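Participant: Sequence and computational prediction follow.
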Amino acid sequence: MLSSLAFLLLHVLLAGAAASSEYDERLLLRPLPQSSLLASFTFRSTEPASTFSQQNLRYFPRSLGQILQHAHTEELHLRFSVGRWDAENWGQRPSYGAREGGTGVELWAWVEAQSEEEAFSRWLTLTNALSGLFCASLNFIDATKTIRPVMSFQPEGDHKNASNLHVLHGTLPHEVVCTENLTPFLKLLPCKGKAGISSLLDGHKLFDAAWQTMSIDVRPVCDAVSSTCSVEMEQTVDMVLDVDRAKRPRDNPIPRPLPIDEIECDTSKPYNAADTCYPLDKTAEPAWNLTEVFGRPLKGDCPLTEQAGDNANTVCLNIPPERTVQVNTSGEYAETQFSSGTLRCYKLPTGADFDLVLPKQQMTTGLVLAKPPLYAARSINGHGQERGSVQAIIKNPSATEPVEFVYLESLPWFMKPYLHTLRARVDTSPESPIRETYYRPAVDRQRGTHLELKMVIPPASTLTLTYDFEKAILRYTEYPPDANRGFDVAPAVVRLLSPNSQDKKGIYLRTTSLLLPLPTPDFSMPYNVIILTSTVMALGFGNIFNLLVRRFVGVDEAQTVGTGGVGGVVRGKLNRLKALLGKG
Amino acid sequence: MALDQQQALLFGVAAAVRLLLFTAFPSLPSLLAGRVEVSTPVTSFKRLQEGLFLYTHNVSPYDGGVFHQAPLLLPLFSLLPNPSYHPFATNVVFTVVDLLSAYALAQVAESGQAAVTRLFTSSRKDLRWSSAAIAAGFLFNPFTVATCVARSTSALTNLCILTAMAKASQGASITFILAISFASYLALHPILLFPPLALLCYDTRTARTKHAPNPWMFAILHTLGLAVASGALLVVSAVLTGSWDFLAATYGVRLLLPDLTPNVGLWWYFFTEMFDSFREFFLGVFWLHVASYMPGLTIRLYRQPLFVATTLTGIFAIFTPYPSIADASLYLSLVPLFRHLFPVMRYTFLASSSILYTSFLGPAFYHLWIYAGSGNANFFYAITLVWSLGLSVIVGDSLYAALRDELDVDRPELRGKEVKRI
């Protein structure tokens, strides 16, 4: 329980820091079971609203600020994610899932506009501009990938004229997030990855992580007391690294088995011998240091951060108090401990490399991981490329509290769900868990399906949601080059309504994306199909019209009447002309 | 016309077979409703259920890409209990629809218009099957049974078309106009049946009354009647759904083919593989092609309007955008009305064997493509080509036989001799 307290405390620290300073950055490191390591980077800058509107920017990146003003975007949330958060082993998500995105790219924004059409055209402006800024295919978020969520998203910022704000949401589950997205992300930071904790971010390690999500959130924040407003930008990177994998040297990355005498064997196994070994589970915490795990050293403090007292705790470690930590630096640093030693924070030296070294250690106490309020998993059932059904299993682990949540599905138009087959069952009660439904069906090639369900799940129960769908066959030009790989379906978004979070960010979780195989035509033969179909039609048409326009005569009469067709007609005319001339 | 004992027995057995299939194999309806050969996007029962669900939950079913069927079906089916839990009422409705269709077909057969019309009497007119036999051919056709068990709404379209034929062959103008406007309201293309069937109606009216009605007045009145009836249906639908959106979602889908779900027709794969810049052009050409048969056939065979209507149903089964085996079953059930043409037909073996061959290989090849993954789309496409070819051989061959039959009457001296087309 202590550790989750520490986790909360860190959030409070971060929140307190935002009001006082204009730029602030933090890194929280937290070992997870099975030698994983969670690293949460947070970079936050604020700009007074008055100077923001005059484009007199200090820490806020000008490129992004101009885009937001041009597209009349009041609040922006952009996510780049890879991998899956393993809630069974890793527990509660960082920031309660509020800074997490679905696999691929996810974008939602509150756009100020007088009408829905204007909002949509500004949304397109926004996606196109962001596409250029982040080197991502955001410009492919068109009407078929855009929805207008009703219950799933609430604005985080303080907005003055909320009636003119339109929330639009788009996802690109197929997008592969990679280094070209990290570089522009780092360029938005004041220290641009040259100093401070951002100097640890390396594409090779970040995109090799078991799970990583990069987020950019821009929101207006107003102080109720002084009634001054500012624009806050928060950039976060959350990643779960496999320590063993991350420690592999870059020039020799292929994992090789250890020599047998270095492996700890389970000697109770009957087949244990000199040449056979069943490896024992590692009980010791692995050794690691920052330089090894992130592939680069931490190059001291970012000089632009506001340094003041307790808030200068840039790097924090959430580890049991008994764990040994050595600090390797030539500069001056300071260490502070919170929550009875489970949270150790360091003030970084300026202009000198900083490294934390944790040796291999046999632990007697472990961290208690906070349990997530819900577990969600979603999969496709059925076989064949014609139809299938989606099954979402949502589990409430709490023994006492019921959980109310909104389940959002944004499906591509070529996956056609049948809402009349939607069934939601809870294993502990016969009552339907669905409280409210919002459904906007897809229209072929114009928009996708948008389904939002408000549901309640009783304590210690499992909710199973199923619905059938049919797969459409597309025009051959609409398939991507790797058509037989299948199409990606965006993850479902689950937002918890109660128990609610303390701040306006909300509590979210996302399922994994789905791979939807569609029936494919033969791409090699458009000409053949056109020719063969036309032949069959011509046979039918020719046969029937041949019968209709000609008349029957006896075979013996055919000679005297002359053959049919144009030749026969001409010959008949000639004969008549001859007869006329002969008469004359 | 009272049902005689033979017909009562026939209808009883047909109803029993259907209800037995429904109750003995409870999963059969949904299995068949999922088959692309039976259910198309514009007739599928599952999509009708989705439309009903949205309709009863106050979401416009036409503001989406799933439901493309006529709006009046919604209040009709919302009266029935939910078929997911209590399917019996729906099953009974579809069984009754089939029986009514068979009854209408029997009426057409009894009118004798197939062989003897006002202007033409076939020389082989005594060669015919009884109306009960023809109704049995419809009721026990496996395609019809499959359509009924899949609860495809094309069964309703077939009922309207057969009723229109029955009423036209009895000279009952008002019911004929109502039936044909319902049919075209449900499926759009049956409107092409109006000219030949109006001609048939005119013939029977003329034969019944001593002095013939003025043909121009007759044509204008009937066309007006059709316009009024169809207009009324559309207005009622618009009032019912609260907007005119249904036009684009129902007729727009049939005209523009946005949904390329495979079916037994020729359109889906053609437009899957079509270059984008030529799509609109070929849509126009294909529809023009379907419509072009009606004037030609009606003018050439004006003496046998029922045969024209039958041939047109055959054309629909091949060349419309979303054909299914229901359309083929309608055509194949109407062909036995022209028993007197069978001796003159030339390719019956070829046509019937290709229909049989595709009926078995079609589902197999579809399985290979979609489920087994060991075949590709061309397997199923090839079968639809052969199926269409087989049906068009029947259409062409019966047309040849009808023309030959006319020739035998016009020039009796050529009977049995070899003829040539010029």
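Facilitator: Looks like it arrived, so ask away.
Participant: Would you mind measuring from residue A:58 to residue B:346?
Facilitator: 91 Å (Cβ to Cβ, to the nearest Å). Using the backbone N, CA and C atoms, a C-beta is placed for each residue, glycine as well.
Participant: would you list every one of the strands in chain B?
Facilitator: Using DSSP state E, the strands of chain B run over B:419-421.
Participant: which secondary element of it has the worst mean pLDDT?
Facilitator: When the helices and strands of chain B are compared on mean pLDDT, DSSP states H and E, strand B:419-421 comes out lowest with a mean of 82.
Participant: Neighbouring strands - and their directions - for that strand?
Facilitator: strand A:552-554 (antiparallel) (DSSP bridges).
Participant: The least confident helix or strand of chain B: which residues count as buried?
Facilitator: By 16 or more other Cβ atoms under 10 Å in any protein chain shown, the buried positions in strand B:419-421 come out as B:419-420.
Participant: Same check on stretch B:305-320?
Facilitator: For stretch B:305-320, by 16+ other Cβ under 10 Å, it's B:305-320.
Participant: can you tell if that stretch touches chain A?
Facilitator: Yes - contact of stretch B:305-320 with chain A (Cβ under 8 Å from any Cβ of the partner chain) involves B:318-319.
Participant: OK, contacts around the closest residue in space to residue B:141 that isn't next to it in sequence?
Facilitator: In this structure, residue B:141 finds its nearest non-sequential neighbour in residue B:329, 5.2 Å apart by Cβ to Cβ, 6 or more residues apart in numbering or on different chains. Residue B:329 makes contact with B:138, B:141, B:143-144, B:147, B:158, according to Cβ atoms under 8 Å, 6 or more residues apart in numbering or on different chains.
Participant: how does it look with 10 Å?
Facilitator: B:101, B:137-138, B:141-148, B:154-155, B:158, B:317 (Cβ atoms under 10 Å, 6 or more residues apart in numbering or on different chains).
Participant: Among those, name the ones in helices.
Facilitator: B:101, B:137-138, B:142-148, B:154-155, B:158, B:317 (DSSP state H).
Participant: Nearest to chain A within the stretch 51-200 of chain B, name that residue for me.
Facilitator: Of all residues in the stretch 51-200 of chain B, residue B:64 sits closest to chain A, at 2.8 Å by Cβ to the nearest Cβ.
Participant: how about the residues of the stretch 51-200 of chain B that lie near chain A?
Facilitator: Counting by Cβ under 10 Å from any Cβ of the partner chain, the stretch 51-200 of chain B comes close to chain A at B:51-54, B:56-57, B:59-67, B:82-84.
Participant: and if we set it to 6 Å?
Facilitator: Residues of the stretch 51-200 of chain B lying close to chain A by Cβ under 6 Å from any Cβ of the partner chain are B:53, B:64-66.
Participant: Greatest separation within those: which pair is it?
Facilitator: Largest separation among these by Cβ to Cβ: B:53 and B:65, giving 15.0 Å.
Participant: More neighbours: these two, which one.
Facilitator: Per other Cβ atoms under 10 Å in any protein chain shown, whichever of residue B:53 and residue B:65 has more neighbours is residue B:65, with 24 against 21.
Participant: before we move on, the earlier item: list just the nearest of the residues of the stretch 51-200 of chain B next to chain A to residue B:295.
Facilitator: Once Cβ to Cβ is applied, the member of those that ends up nearest residue B:295 is residue B:65, at 34.5 Å.
Participant: ok, now which ones touch the closest one?
Facilitator: A:442-444 (Cβ atoms under 6 Å, 6 or more residues apart in numbering or on different chains).
Participant: neighbours around the nearest residue to it once chain neighbours are set aside, how many?
Facilitator: Leaving aside its sequence neighbours, residue B:65 sits nearest to residue A:444 (Cβ to Cβ, 6+ apart; 4.3 Å). Neighbourhood size, residue A:444 [other Cβ under 10 Å]: 19.
Participant: Return the backbone torsion pair for whatever residue of chain A ends up closest to chain B.
Facilitator: Proximity to chain B, evaluated over chain A using Cβ to the nearest Cβ, is greatest for residue A:441 at 2.8 Å. Here is the backbone geometry of residue A:441 (degrees, to the nearest 10): phi -70, psi 160.
Participant: How far off centre is the strand or helix carrying residue A:529?
Facilitator: Residue A:529 belongs to helix A:526-549 when assigned by DSSP states H and E. On the basis of Cα atoms, centre = their mean, to the nearest Å, helix A:526-549 sits 50 Å off its chain's mean C-alpha point.
Participant: now do stretch A:232-242
Facilitator: Put simply, stretch A:232-242 sits 13 Å off its chain's centre (Cα atoms, centre = their mean).
Participant: Please apply the same query to stretch A:78-89.
Facilitator: 8 Å.
Participant: Quick check: end-to-end length of that stretch?
Facilitator: 27 Å (Cα to Cα, to the nearest Å).
Participant: buried ones in that stretch?
Facilitator: For stretch A:78-89, by 16+ other Cβ under 10 Å, it's A:78-85, A:87.
Participant: just stretch B:230-239 next, same as before
Facilitator: B:230, B:233-234, B:237.
Participant: Output the residues you listed in CSV, with distance to chain A appended to each entry.
Facilitator: Below are the buried residues of stretch B:230-239 laid out as CSV (distance: Cβ to the nearest Cβ, whole Å):
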residue, distance to chain A
B:230, 26
B:233, 25
B:234, 22
B:237, 19
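Participant: So which of those residues are in helices?
Facilitator: B:230, B:233-234, B:237.
Participant: can you put those residues in TSV and add pLDDT?
Facilitator: Output for those, formatted as TSV (pLDDT from 0 to 100):
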residue	pLDDT
B:230	97
B:233	96
B:234	97
B:237	95
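Participant: Looking at the residues you listed, which is nearest residue A:314?
Facilitator: Out of those, the member with the shortest distance to residue A:314 (by Cβ to Cβ) is residue B:237, at 67.9 Å.
Participant: Can you give me the domain assignment for chain A?
Facilitator: The record's domain split for chain A, according to automatic domain parsing, is A:19-89+A:96-246+A:261-311+A:318-362, A:375-516, A:526-562.
Participant: and the gap between the residue of the stretch 51-200 of chain B closest to chain A and residue B:246?
Facilitator: For residue B:64 relative to residue B:246 (Cβ to Cβ), the value is 12 Å.
Participant: Residue B:130 too?
Facilitator: Applying Cβ to Cβ, the value for residue B:130 to residue B:246 is 42 Å.
Participant: what do you get for residue A:237?
Facilitator: Residue A:237 is 50 Å from residue B:246, by Cβ to Cβ.
Participant: Could you count how many residues lie near the closest residue to residue A:540 other than its chain neighbours?
Facilitator: Of all residues not flanking residue A:540 in the chain, residue B:392 sits nearest, at 3.7 Å (Cβ to Cβ, 6+ apart). Per other Cβ under 10 Å, the neighbour tally for residue B:392 reads 23.
Participant: ok now do residue B:418, which residues does it touch?
Facilitator: residue A:555.
Participant: now do residue A:555
Facilitator: Counting by Cβ under 6 Å, 6+ apart, residue A:555 has contacts B:418, B:420.
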